[in-house]
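K.L.:
Generate a structure from the sequence data that follows.
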Amino acid sequence: MKKFRICLSLSLFWIILVGYLVWANGLLARGTKDFRWDEWIWFGLIPAIAPYLFYYIWKPGIIENFFKQNK
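P.N.:
Just a heads-up that it's a prediction; the model follows:
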């Protein structure tokens, strides 16, 4: 449970950090000063969520069951 809380905290920190950097970069950009949602999604949200998706897909129990059935 402690590992999960640490990983979740790191993911939320990453999302907030990238959101701040995208916002600050938008303020310094020439032309439009809009928040760039596409950058935030690709560099903040997806890297923070991807490890959980991979863990859900490749749970250790599923892998063990797969190899036990093949024997």
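
K.L.:
how far is stretch 8-22 from where the chain is centred?
P.N.:
9 Å (C-alpha atoms, centre = their mean, to the nearest Å).

K.L.:
now do the same end-to-end measure for stretch 35-45.
P.N.:
15 Å (C-alpha to C-alpha, to the nearest Å).

K.L.:
Tell me the buried residues in that stretch?
P.N.:
Neighbour counts over stretch 35-45 (16 or more other C-beta atoms under 10 Å) mark 40, 43, 44, 45 as buried. For glycine as for every other residue, the C-beta is placed from the backbone atoms N, C-alpha and C.

K.L.:
Would you format those residues as JSON lines with distance to residue 6, pLDDT and secondary structure included?
P.N.:
Formatted as JSON lines, those follow (distance: C-beta to C-beta, whole Å; pLDDT from 0 to 100; DSSP: H, G, I helix; E, B strand; the rest coil):
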{"residue": "40", "distance to residue 6": "23", "pLDDT": "88", "secondary structure": "helix"}
{"residue": "43", "distance to residue 6": "22", "pLDDT": "92", "secondary structure": "helix"}
{"residue": "44", "distance to residue 6": "19", "pLDDT": "91", "secondary structure": "helix"}
{"residue": "45", "distance to residue 6": "19", "pLDDT": "91", "secondary structure": "helix"}
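
K.L.:
Mind putting those residues into JSON lines with distance to residue 22?
P.N.:
Shown next, in JSON lines, are the buried residues of stretch 35-45 (distance: C-beta to C-beta, whole Å):
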{"residue": "40", "distance to residue 22": "5"}
{"residue": "43", "distance to residue 22": "7"}
{"residue": "44", "distance to residue 22": "7"}
{"residue": "45", "distance to residue 22": "11"}
